[in-house]
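Visitor: no FASTA, just this:
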Ligand code: BMA
């Protein structure tokens with residue numbers, strides 16, 4: 001069953017009528033005036049938007065992503081900008097009891113004035129701000145949003161925080177970022193990250209409007225389904241939060257009408273003056289809603305506890321990746337951007353994403369798309385890789401943020417988990433910031449105050465329909481038992497794990513932890529040349545240029561990739577420097593894809609077994625799905641959406657049916673991995689080729705192999721020496737094993753492979769003549785590839801032509817292969833032909 005089927009029809013899509021006093025709304029989106037602190041720069045600016053994009057739009061700066069501009073344009077975020085505009089009210093303000101100026105999001109620190117009266121201040125970009133302007137509004141108005149640089153504010157807050165230091169003070173120098181981001185409730189990666197630039201934006205980044213109403217006004221509206229086990233009955237909790245302006249209670253009738261379910265129920269309600277909520281329970285027949293449980297229970301034969309999601313009563317293996325903000329400038333992230341990235345995740349057989357805690361709570365549209373296409377969301381709260389203050393003002397701001405975000409998002413069935421932060425339990429447990437042991441107590445206290453006594457408390461009171469964990473990675477219930485901070489949050493017997501190792505051989509599965517749930521793991525690669533080309537100039541096009549160093553924000557990252565490549569491949573030696581750079585890019589992508597394939601397959605084949613007390617792995621979310629700019633990173637999707645080889649590999653290694661091979665003590669094991677809900681009787685085909693010939697040296701078909709539903713179990717085993725003997729003249733270096741599963745009803749797994757040696761040692765590989773003919777078929781393009789020899793990692797690249805192939809980076813063991821190109825915008829056979837580069841491993845010299 002595909003992932004979409006897991007999320008039953010979201011009830012929020014059903015028309016539902018709640019009687020509420022319709023407000024008068026005047027949008028303030030559109031053109032505002034923007035000026036720098038001393039008034040030397042003044043320009044019109046679009047709202048929603050930010051200063052950087054406004055300057056770019058007027059041609060006052062170049063593309064901020066071009067070359068070294070992130071550092072050149074630091075002055076923009078150090079200045080204090082002001083947005084202002086005049087507006088007329090489109091309605092008679094005197095007719096309304098209450099008029100509010102509502103900001104859905106202000107980034108971040110600002111004083112808000114209307115007609116020269118200060119309405120209030122903002123300090124949290126994740127909060128919604130509503131200012132009562134009933135007594136200030138006139139027919140013609142002047143609104144001002146006076147920003148203070150987020151960088152200066154963060155520094156000031158840190159200076160004022162006298163109690164104890166809150167590390168880290170600054171990011172590592174290689175990130176070329178700003179300091180003290182943990183002191184401001186702003187996208188944490190906007191001060192730089194190990195994959196991202198520093199662009200601490202200022203701006204009105206979400207909707208802004210005037211709302212006028214009488215009597216009462218609906219502020220939040222949410223629907224959460226519950227199953228009442230004792231009554232075997234579904235209920236829909238319909239929650240509405242109102243602002244009641246009338247001085248007396250308002251009584252009335254609310255009718256909840258869901259025509260599609262033939263459900264209509266009327267309730268009499270009484271609203272008290274002030275802000276208050278009404279919760280209506282509507283019993284529902286006939287339909288089911290998605291349920292989610294996080295199962296942490298003893299496993300026979302293993303110490304510790306399980307950690308898996310039970311969705312609609314079924315244990316589900318979570319397959320996917322981690323989501324980061326799609327751009328440093330959120331106003332550039334359109335519905336189409338989100339849709340393309342999320343669709344790419346679904347197309348690669350992912351069923352889940354983790355919205356990582358160093359970015360933002362995503363726009364409503366993000367979750368709408370996930371609801372629709374069946375991507376489950378692990379939702380972090382926005383705290384990452386740092387310790388945080390807990391002074392009163394800070395906590396109040398966080399409390400407002402958390403209740404706002406939970407109220408805004410809880411109707412989305414795609415969200416299956418709330419998670420307090422990214423890696424902050426680990427940061428304390430492993431003492432990342434070298435806190436002297438006698439002082440650690442105060443940080444532990446802060447941790448519990450923030451994530452448990454505040455965030456968790458609010459989440460539990462706002463939303464009882466899904467689980468909460470305090471951190472990722474965490475030991476789950478074991479962490480709770482140890483006072484919310486486990487001494488080793490990376491324990492494989494509990495909870496989830498993050499795992500990075502750039503020094504071992506990534507083709508060797510024994511280096512990976514047999515965890516209950518792998519929520520982060522990854523390797524870097526460079527984005528393709530066509531992506532880099534857009535933000536660089538010819539002098540930058542080498543692996544060791546200043547530019548290549550500048551874009552690498554992870555200490556030693558370029559060297560680590562080189563070392564990982566060198567284990568299994570020959571490094572490029574082309575005398576042409578640009579070709580050499582392109583070859584390096586190709587190899588980084590091949591290496592990344594092959595490493596994460598090995599690691600992910602290991603997690604998938606570890607789902608049904610317990611070995612030495614470890615196993616029952618039920619999740620694989622690699623780091624990271626998407627990119628924030630054009631730079632080397634762990635992403636599988638480049639900035640702009642182009643698929644790296646890893647993303648094509650993900651489509652295969654996350655396939656619902658997959659044979660996976662690994663080697664242990666001289667034995668070759670093949671497991672049948674299945675996400676299907678029923679068993680299948682299949683044929684396993686194992687084919688051995690000599691690298692030197694397209695004719696197989698031996699073929700074996702094992703019929704009647706049972707691949708069990710939702711499991712990973714052995715289906716084939718042979719000693720490698722027997723296999724080599726059986727297939728005449730084979731050695732580890734001269735032969736390659738491929739295998740697939742096939743059913744009678746056309747069911748077929750991807751063809752998988754297992755290398756018996758490093759490819760730099762392979763014997764018999766010949767340089768191939770690769771050719772492609774391109775033709776159009778309706779909205780797609782068909783590439784017919786021909787090879788004259790076995791070709792590993794065959795890659796089609798059509799440069800800047802937007803779209804994706806049906807498969808890429810594959811091993812060609814047959815003369816011919818058909819690949820489909822799905823364009824994302826109109827193209828032509830001619831354009832594709834002239835943009836096409838075909839590369840396979842032996843082209844790298
Ligand atoms: C983890 C993530 C990110 C980081 C990634 C790669 O720590 O949570 O903070 O980008 O590793 O280093």
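Guide: Arrived safely, thanks for sending. Model, not experiment: these values are computed from the prediction.

Visitor: residues touching the closest residue to the ligand within the stretch 551-700 of the chain, list them.
Guide: Using CB to the nearest ligand atom, the closest approach of the stretch 551-700 of the chain to the ligand is made by residue 623 at 5.2 Å. From N, CA and C alone the C-beta is placed, and that goes for glycine too. Residues counted as contacts of residue 623 (CB atoms under 8 Å, 6 or more residues apart in numbering) are 321, 322, 498, 500, 520, 521, 522, 634.

Visitor: Skip the chain neighbours and tell me the closest residue to it.
Guide: Nearest residue to residue 623 in three dimensions, chain neighbours excluded: residue 522, at 3.6 Å (CB to CB, 6 or more residues apart in numbering).

Visitor: now do residue 613
Guide: According to CB to CB, 6+ apart, the nearest residue to residue 613 is residue 302 (4.8 Å).

Visitor: pretty sure the one you found contacts residue 615?
Guide: Yes. Contact criterion CB atoms under 8 Å: residue 302 and residue 615 qualify, at 6.9 Å.

Visitor: Next, count neighbours for the residue nearest to residue 613.
Guide: When counting by other CB atoms under 10 Å, one arrives at 18 neighbours for residue 302.

Visitor: again with residue 475
Guide: Neighbour count of residue 475, defined by other CB under 10 Å: 31.

Visitor: and if you look at residue 433?
Guide: 15.

Visitor: which residues does it contact?
Guide: Contacts for residue 433 (CB under 8 Å, 6+ apart) come out as 167, 168, 387, 427.

Visitor: and with 6 Å instead?
Guide: Residues near residue 433 by CB atoms under 6 Å, 6 or more residues apart in numbering: 167, 168.

Visitor: Can you give me the pLDDT of the closest residue to residue 804 other than its chain neighbours?
Guide: Closest residue to residue 804 apart from its sequence neighbours, by CB to CB, 6+ apart: residue 643 at 4.9 Å. Residue 643 carries a pLDDT value of 99.

Visitor: can you check residue 90 too?
Guide: With respect to pLDDT, residue 90 has a value of 82.

Visitor: ok, it to the ligand distance?
Guide: Counting by CB to the nearest ligand atom, to the nearest Å, the separation of residue 90 from the ligand is 46 Å.

Visitor: That residue against residue 26, yeah?
Guide: Yes. Here residue 90 reaches residue 26: they are 5.2 Å apart, a contact under CB atoms under 6 Å.

Visitor: Just want to know which of the two has more residues nearby.
Guide: Counted by other CB under 10 Å, residue 90 and residue 26 do not tie: residue 26 has more neighbours, with 18 against 11.

Visitor: In this structure that one contacts residue 210, no?
Guide: Yes. The criterion here is CB under 6 Å, and residue 26 meets it with residue 210 at 4.2 Å.

Visitor: residues in contact with the most centrally placed residue in the chain?
Guide: Nearest to the geometric centre of the chain sits residue 323, at 1.1 Å (CA atoms, centre = their mean). Applying CB under 6 Å, 6+ apart to residue 323 gives the contacts 353, 355, 625.

Visitor: That one bridge partners, please.
Guide: Residue 323 forms beta bridges with residue 355, as assigned by DSSP bridges.

Visitor: Not counting sequence-adjacent ones, nearest residue to residue 380?
Guide: Here the residue nearest residue 380, using CB to CB, 6+ apart, is residue 357, at 3.4 Å.

Visitor: which residues sit in contact with the one you found?
Guide: Listed by CB under 6 Å, 6+ apart, the contact set of residue 357 reads 380, 382, 383, 384, 421, 422.
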